[in-house]
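# Next come a sequence and a model predicted from it.
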Amino acid sequence: MNKTKTRVSDYILYIILSVLAILFLSPIFIVLMNSFKGKFFISDTPFAVPNSDTFAGLSNYTSGITKIGFGSAFGMSLFITVCSVAAIVLFTSMTAWYITRVKTKFNSLLFYVFVFSMIVPFQMVMFTMTKVANVLSIDNPIGIILIYLGFGSGLSVFLFSGFVKSIPLEIEEAVMIDGCNPAQSFFKVVLPILKPIAITVAILNVMWVWNDYLLPLLVIGTEYRTIPIAIQYLKGGYGSIDMGAMMAMLVLAIIPIVVFYLTCQKYIIEGVVAGAVKG
């Protein structure tokens, strides 16, 4: 009887998860399907599979790449994303390790400041942030990396701190006895142990920075176009939109993040659970 109930519950769970998977994947499939249609057919038959009359081949892709300068936009997005995520992973891991290992009232307060920053809506600070960035002359591709570091530090420090608490202190004491200073102890011992949560933090921030539209628009404007900003230039006058090229560019923008996610997705649950629960 128990085995029968278990099988039935497994089947029900499998059906529910399958339905959810279809719902989550259907928008991506619709965008991919419409990227091969002529732009005049997308609005009329958005859910129809391309046929001999509506199929446009790769013309949407070549047109979109030419119109928005996809190569330069891709390079700008790649530069900002890689540098921002690298800075977030490096500096927040060091911060979390320090405030976890060095027990002071100031460090405890600092930890709660990082946690509090997670609940502050971006809309509350975006205009002030834009003005400050302009005054400090960090409204450029280099300066926006510092801004991403600030906005991404809250969640990252929280996850790293939880994971650091699970690392036995005796390991660090042993290497200190062997002659390592604190910096060597962190980079040679602690940082390699932090690999699962570091990859999790990297994935979460890559998806955020790569797809972000509002922050680059406010800080660096249209002079340095990232992919989300460049795609908006497919909108013409009087509300006209080249839907075919837009769908094609959305597909090209999705591919790198999907590949990165699938490559590293096995670390996500492990890292999030460890960072949020341990300690």
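Looks like it arrived, so ask away.
# Tell me which residue is most central in the protein.
For the chain, residue 207 is the residue whose C-alpha lies nearest the centre (C-alpha atoms, centre = their mean; 1.9 Å).
# So what's the residue count around the closest residue to residue 158 other than its chain neighbours?
The spatial neighbour of residue 158 that comes closest, neighbours along the chain excluded (C-beta to C-beta, 6 or more residues apart in numbering), is residue 115 at 5.7 Å. Using the backbone N, CA and C atoms, a C-beta is placed for each residue, glycine as well. Using other C-beta atoms under 10 Å, residue 115 is surrounded by 14 other residues.
# how about residue 115, what does it touch?
154, 157-158 (C-beta atoms under 8 Å, 6 or more residues apart in numbering).
# Give me the phi and psi for residue 121.
Note on residue 121: its backbone torsions stand at phi -60, psi 140 [degrees, to the nearest 10].
# Give the burial count for residue 235, as a bare number.
12.
# And the closest residue to it other than its chain neighbours, how far from residue 38?
Sequence neighbours aside, residue 241 is the residue nearest to residue 235 in space, at 5.1 Å (criterion: C-beta to C-beta, 6+ apart). The gap separating residue 241 from residue 38 is 14 Å, by C-beta to C-beta, to the nearest Å.
# So if I had to pick from these two, which one is more boxed in?
Neighbours per residue, other C-beta under 10 Å: of residue 241 and residue 38, the larger number sits with residue 38, 17 against 14.
# was I right about that one contacting residue 244?
Yes. Residue 38 is in contact with residue 244 according to C-beta atoms under 8 Å; the separation is 6.2 Å.
# can you list residues touching both of these two?
By C-beta under 8 Å, 6+ apart, the residues touching both residue 38 and residue 244 are residue 56.
# show me where the stretch 151-279 of the chain has helices.
Listed in chain order, the helices of the stretch 151-279 of the chain (DSSP state H, counting those that start in this stretch) span 169-177, 182-185, 191-193, 195-211, 214-219, 227-231, 243-264, 266-277.
# Tell me the buried residues in the shortest one?
Right, helix 191-193. Going by neighbour count (16 or more other C-beta atoms under 10 Å), the buried part of helix 191-193 is residue 191.
# what's it in contact with?
93, 167, 171, 198.
# residues touching the last one, list them.
Counting by C-beta under 8 Å, 6+ apart, residue 198 touches 89, 93, 160, 191, 271.
# Ok, the third one next?
For residue 171, the contacting residues are 189, 193, by C-beta under 8 Å, 6+ apart.
# And the pLDDT for it?
Looking at residue 171, its pLDDT reads 84.
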